[in-house]
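Peer 1: Okay, predicted coordinates and the sequence, questions at the end:
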Amino acid sequence: MKIERHWWNGDRSSRGRRDVYIRTDGQRWEVEAQTGGVAGRSKLHVCPSQTSAQILADAWLGVRPGWRELVP
């Protein structure tokens, strides 16, 4: 799976860090919301299309100032 988009909240602490990823293998799309960095917890949802993956990512991001998109 290739990371298409990645956002994080700018908090470098292991307890406060939040990330949202959109990944694809060209046919399958998935969105992951991760809390607490690599060792933290995450939720993963498979989406039928890029559009639906973006809608879900936007919903998880919400209106949160400070979120930054990282270039994969």
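Peer 2: Sure, I can see it.
Peer 1: Hmm, residue 52 and residue 24 touching each other?
Peer 2: No: under the criterion of Cβ atoms under 8 Å, residue 24 is not in contact with residue 52, lying 11.8 Å apart. C-beta: built from backbone N, CA, C; applies to glycine.
Peer 1: And the two? Which one has more around it.
Peer 2: Shown here are residue 24 and residue 52; by other Cβ atoms under 10 Å, residue 24 has more neighbours (17 against 14).
Peer 1: what's the closest non-adjacent residue to the more buried one?
Peer 2: residue 4 (5.5 Å; Cβ to Cβ, 6 or more residues apart in numbering).
Peer 1: so the residue sitting furthest away from the middle of the chain, which of the three states?
Peer 2: Distance from the centre of the chain peaks at residue 27, with 18.1 Å (Cα atoms, centre = their mean). Secondary structure assignment for residue 27 (DSSP: H, G, I helix; E, B strand; the rest coil): coil.
Peer 1: all numbers from here: first residue = 132
Peer 2: Taking 132 as the first residue, the last one we looked at is residue 158.
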